[in-house]
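Visitor: Sequence below, structure please.
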Amino acid sequence: MGHHCGGGRDEVVQDRRGAVGDKIPSFALKQSLSAQWAQGKAMPSKLKVGGIDRMRRAPPIVAYLKTLSPMLGDVAIAVAIGMVAFLWLVLTAGDIGVGYDEPIYGGYALKYLAWLQLWWQSWARGDFLSPFRPEVIDLYWHAKDMHPPIPKLVAALGYALMRPIVSDDFAAMRSGTAFLFAVMLATLYWLGRKPLTKAGALFAVGAVAFMPRLFADAHFLTMDSPVTATTLVATLALVRLLEQPSSWRLLGACLATGTAFASKANGFLVIPAAFLLAGHQAWFFSRCRHRQALLPLGLVALAAVGGMAFLFATWLWLWVDPLPRFREYFTFHAKHFFVHTFYLGRLWELAPWHYPLVMTAVTVPTITLLMALIGTGLTLWRWQATPMLVKMALVSYFVHIAPFLLPTTPKYNGIRLFEPAFPFLGILAGYAFGMMAQGLMAWLRVKAAQWVSSPHLCVAASGLALLAPAAHGTLTSHPFGLSYYNALVGGVRGAKANFEVTYWGVNLLSVLPFLNRQPNGTKVLFLPGWALYPTVEFYCHAQALRCAEVSGKQLQPEGLIPLGNPKDLLRADFVVFQASQTELKLLERENRRLGKLLWTLWERAKPAYAAVYDGVVIVGVYDRMTVQRFATQSDPPPRRRH
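Guide: Next up is the predicted model:
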């Protein structure tokens, strides 16, 4: 859309033709030749363009192929980005252990898959109504977790398709999240290559892919990474709709917005962000007395209505009692129970308002963060000339963290609750790099043409150099991506005094090989039991941990005996806990002596075995002798009797 009155339509046409300096359109060339012929000038017997005789041979196919080849190249790049991201995530899915919530969502995904099989079988025999009976829907689609269906539905389909290929239940169940993450990156390149330039779009893709926290979350069957992916795709679709409205783009925006709505409650925030930008656009049009001044707001409203229709169509649980159940869903998230978090060196029931801003500053790779800040500055400085996508990215980041700036909103588990805001930082960084690349190209062509034969290679090298630290941080932090902190706080070693080192128990998987090598009957105490023991039960039933019994139930004749009650401390051969300061602080509130002991073990003792990242113990296994020695040291001195 234009930034000056009367320029809106013409600018859209100009964008389609290309930049100044492109070849003269064919109709203009024909008019010029006709004028010369009419003036009696000789008409050449042959007009050759690209070696083709245009007077004797029709050129449409050649011209079409010339315009098509760049688009095919971009399609190939987008597909390659998606395929590499998907394969990378699936092949590394087994490196990170199961999170606290994953078994719950995995169970729902299997129920969805069972319903899909029932639906297929019922329709095959001509029974079209049985799968949609209320009792059947409640059996397979009940929403005790109070989360919409898309992440679980995609996980179910991914499991069905990938299980025969990868022969790994874990990777197959997580492949749905990997697919959505891959689609997000591919779509970011495809719809960002024009407003950001190709160099900027590729940089934005790299900036998002190499955010260690996002990369780690893309391995889990949870709601956070899926809603991050669908939120970005929906935002890109809405921007495209506002730039060049059409019925097909409206349909695409409705579907994309509905997918975001049906991923998690955060997905609804795409609409306020779009309304803010559409409102600005409508205000500009009204100043110009444009006859379609309210069109942008109307388009966003239609996309919101279409998104709601998609949510109700795909979430069968709502069908049984639509309005009461939808109200129950929103009420649950509006009054979410408090979850403690360790932040700035202390335990909070409700972290302060600045938590999202500070966590952004310390978890995004430093150069990516700097580039995003440069992109923000350029956007504000050149607001009228800035592409709509970049404006939307800036608005969307703040809209998506806004609810978590409220002091009454629960904030915990690192960045995952406001994770949909982070890809917009990648777009801002990509915009900054795109502008830098254009300036560098121009300078090289004017000032250094005699030394540099290919400016594009210099731009590519610059992009790779700027992304290299983020890529290194992402690759070296795996499978400890949830423990990543950037150089501003000295990495995880510098952050552990003020920020949570880990959560969700995902790195418990790293110590299982050591535990499985222990003799039969070895007693292993996992603390705190209310946090880690359900995960241990999952590993026992999945036979990832060699357990003879769990929760008092016999599993096999021989194996380990996992424990979760602090009263079993004296008879345990090993004590295992993760370096979650939140859990240690809460355990200290329950049992001050035991909590102090675990803090002392983590800070001073040498574990028998540990999962270590950047010199910090993430999960430690401590033998009985070590535990007893430090327990004696931590005992308070006896009181002197008078």
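Visitor: alpha carbons only for contacts and neighbour counts from here, please
Guide: Noted.
Visitor: What's the first helix or strand after the helix or strand encompassing V492?
Guide: Assigning secondary structure by DSSP states H and E places V492 in helix 491-495. Once the chain leaves helix 491-495, the next helix or strand it forms, by DSSP H and E, is helix 512-516.
Visitor: State the distance from L370 to M223.
Guide: Distance of L370 to M223, given as CA to CA, to the nearest Å: 29 Å.
Visitor: So between those two, which is more surrounded?
Guide: Taking other CA atoms under 10 Å, L370 and M223 do not tie; M223 has more neighbours (25 against 16).
Visitor: wait, doesn't that one sit right on K264?
Guide: Yes - using CA atoms under 8 Å, M223 makes contact with K264 at a distance of 6.3 Å.
Visitor: Can you pull the residues that touch both of the two?
Guide: Common neighbours of M223 and K264 (criterion: CA atoms under 8 Å, 6 or more residues apart in numbering): H147.
Visitor: Point out where the stretch 501-642 of the chain drops to low pLDDT.
Guide: Low-confidence segments of the stretch 501-642 of the chain (pLDDT under 70): 634-642.
Visitor: what's near enough to touch P557?
Guide: P557 makes contact with A548, according to CA under 8 Å, 6+ apart.
Visitor: switch to numbering from 24
Guide: Renumbered: residue one is now 24, and that last one reads P580.
Visitor: Helix or strand: which one has it?
Guide: Here P580 sits in a region with no helix or strand, counting by DSSP H and E.
Visitor: Over to A239?
Guide: Per DSSP H and E: helix 235-240 holds A239.
Visitor: What is the neighbour count of the closest residue to V343 other than its chain neighbours?
Guide: Spatial nearest neighbour of V343, excluding adjacent residues (CA to CA, 6 or more residues apart in numbering): P157 at 5.7 Å. Residues lying near P157 (other CA under 10 Å) number 15.
Visitor: Ok, G513 next?
Guide: G513 is flanked by 12 other residues according to other CA under 10 Å.
Visitor: any idea how far it is from D247?
Guide: From G513 across to D247, the span is 27 Å (CA to CA).
Visitor: And for L392?
Guide: For L392, the distance to D247 equals 21 Å [CA to CA].
Visitor: Select the longest helix from the protein.
Guide: Ranked by residue count, the top helix of the chain under DSSP state H comes out as helix 83-114.
Visitor: Point out where the stretch 224-373 of the chain drops to low pLDDT.
Guide: For the stretch 224-373 of the chain (pLDDT under 70), the answer is 310-314.
Visitor: need the helices for it, in chain order.
Guide: Counting by DSSP state H, counting those that start in this stretch, the stretch 224-373 of the chain has helices at residues 235-240, 247-266, 270-284, 293-310, 318-337, 345-357.
Visitor: Show me what the shortest one packs onto, helices and strands only.
Guide: It refers to helix 235-240. When contacts are defined as 3 or more CA pairs under 8 Å, 6 or more residues apart in numbering; DSSP states H and E, helix 235-240 sits against helix 247-266, helix 478-500.
Visitor: Tell me which of those helices is the most buried.
Guide: Mean neighbour count (mean count of other CA atoms under 10 Å) peaks for helix 247-266 among those, with a mean of 26.
Visitor: Show me what it is packed up against.
Guide: helix 192-215, helix 235-240, helix 270-284, helix 293-310, helix 318-337, helix 411-424, helix 445-470.
Visitor: try it again with 6 Å
Guide: If you count contacts as 3 or more CA pairs under 6 Å, 6 or more residues apart in numbering; DSSP states H and E, helix 247-266 packs onto helix 192-215, helix 270-284.
Visitor: As JSON lines, those helices with distance to A494 and mean neighbour count would be great.
Guide: Below are these laid out as JSON lines (distance: least, CA to CA, whole Å; neighbours: other CA atoms under 10 Å):
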{"stretch": "helix 192-215", "distance to A494": "15", "mean neighbour count": "25"}
{"stretch": "helix 270-284", "distance to A494": "28", "mean neighbour count": "23"}
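Visitor: Could you work out which of those reaches nearest to T399?
Guide: Nearest to T399 among the helices and strands packed on helix 247-266 is helix 192-215 (16.6 Å), distances taken as CA to CA.
Visitor: Could you list the residues in contact with stretch 396-416?
Guide: With contact meaning CA atoms under 6 Å, 6 or more residues apart in numbering, stretch 396-416 is reached by 218, 447, 451-452, 454-455.
Visitor: pLDDT and distance to L505 for the residues you listed - can I get that in TSV?
Guide: Formatted as TSV, the contacts of stretch 396-416 follow (pLDDT from 0 to 100; distance: CA to CA, whole Å):
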residue	pLDDT	distance to L505
P218	96	32
F447	98	20
L451	98	23
A452	98	22
Y454	98	27
A455	98	27
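Visitor: host element of V121?
Guide: Using DSSP H and E, no helix or strand contains V121.
Visitor: Now for the nearest residue to it once chain neighbours are set aside: which residues touch it?
Guide: Excluding the flanking residues, the one nearest V121 by CA to CA, 6+ apart is V529, at 5.3 Å. By CA under 6 Å, 6+ apart, the contact set of V529 is 120-122.
Visitor: will you turn those into JSON lines that also has pLDDT and neighbour count?
Guide: Below are the contacts of V529 laid out as JSON lines (pLDDT from 0 to 100; neighbours: other CA atoms under 10 Å):
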{"residue": "G120", "pLDDT": "95", "neighbour count": "21"}
{"residue": "V121", "pLDDT": "95", "neighbour count": "24"}
{"residue": "G122", "pLDDT": "93", "neighbour count": "19"}
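Visitor: Distance to L412 added to the residues you listed, as TSV?
Guide: TSV is the format used below for the contacts of V529 (distance: CA to CA, whole Å):
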residue	distance to L412
G120	36
V121	36
G122	34
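Visitor: Could you point out which of those residues is nearest to L480?
Guide: Out of those, the member with the shortest distance to L480 (by CA to CA) is G120, at 40.2 Å.
Visitor: so the closest one sits right up against L532, yeah?
Guide: Yes - under the contact definition of CA atoms under 6 Å, G120 touches L532, with a separation of 4.9 Å.
Visitor: What is the three-state secondary structure of T649?
Guide: At T649 the chain is in helix, as set by DSSP: H, G, I helix; E, B strand; the rest coil.
Visitor: Can you tell me what sits against stretch 205-214?
Guide: With CA under 6 Å, 6+ apart as the test, stretch 205-214 has contacts from 101, 104-105, 108-109, 224, 228, 252.
Visitor: For PyMOL, write the select line for the buried members of the residues you listed.
Guide: To isolate the buried members of these in PyMOL, using 16 or more other CA atoms under 10 Å:
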select buried, resi 101+104+105+108+109+224+228+252
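Visitor: from the contacts of stretch 205-214, which is closest to L586?
Guide: Minimum distance to L586 across those is 37.6 Å, recorded for F109 (CA to CA).
Visitor: mind checking the end-to-end distance for stretch 366-379?
Guide: So stretch 366-379: terminal residues 11 Å apart, CA to CA.
Visitor: Figure out how far that stretch is from the centre of its chain.
Guide: Computed by CA atoms, centre = their mean, to the nearest Å, the separation of stretch 366-379 from the middle of its chain amounts to 23 Å.
Visitor: If you count neighbours, what's buried in it?
Guide: For stretch 366-379, a neighbour-count test (16+ other CA under 10 Å) marks 366-367, 370-371, 373-376, 378-379 as buried.
Visitor: Sweet, I'm off.
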